[in-house]
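Visitor: sequence plus the predicted model coming up.
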Amino acid sequence: NLLSAELLASSLVADLHLIPAFLVYTFSDNVALSISLAIGAVVANIFSVSLSLIESVQSNKIDEDDY
């Protein structure tokens, strides 16, 4: 499913923001960069949740059409 692939990609993007944010904060104490990376992860997670909602609405609509 196309939405499932986009959901996986957005989750991967969130992980690729959070892991460097942790590493930057731990090893260099650059708080501004860590916060900006964490905000990027939040945006990716919001996008992921919106894709999940769209997919669930579409699957419910398909199920209702079967009856």
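Guide: On my side now, so go ahead. Because the structure is predicted, anything quoted here is derived from the model rather than measured.

Visitor: so where's the chain shaky on pLDDT?
Guide: Within the chain, the stretches with pLDDT under 70 are 1, 63, 65-67.

Visitor: ok, 80 please
Guide: By pLDDT under 80, the low-scoring segments of the chain are 1-4, 59-67.

Visitor: do you have the helices of it handy? List them.
Guide: Assigned by DSSP state H, the chain shows helices spanning 2-28, 31-66.

Visitor: so can I have TSV of those showing mean neighbour count?
Guide: Heads up, the C-betas are built off the backbone N, CA and C, glycines and all. Listed next are the helices of the chain as TSV, based on neighbours: other Cβ atoms under 10 Å:
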stretch	mean neighbour count
helix 2-28	14
helix 31-66	13
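
Visitor: quick one, what contacts L3?
Guide: Applying Cβ atoms under 8 Å, 6 or more residues apart in numbering to L3 gives the contacts L51, I54, E55, Q58.

Visitor: how near is the closest residue to the second one other than its chain neighbours to I39?
Guide: By that I understand I54. Excluding the flanking residues, the one nearest I54 by Cβ to Cβ, 6 or more residues apart in numbering is L3, at 6.6 Å. Distance of L3 to I39, computed by Cβ to Cβ, to the nearest Å: 24 Å.

Visitor: and what of K61?
Guide: The value you get for K61 to I39, if Cβ to Cβ is used, is 33 Å.

Visitor: try Q58
Guide: Q58 is 29 Å from I39, by Cβ to Cβ.

Visitor: now swap in I62 and tell me
Guide: Relative to I39, and taking Cβ to Cβ, I62 is found at 35 Å.

Visitor: kindly report the same for L51.
Guide: For L51 relative to I39 (Cβ to Cβ), the value is 19 Å.

Visitor: most centrally placed residue in the chain?
Guide: Most central in the chain under Cα atoms, centre = their mean is N45, positioned 2.9 Å from the mean C-alpha point.

Visitor: noted, bye for now.
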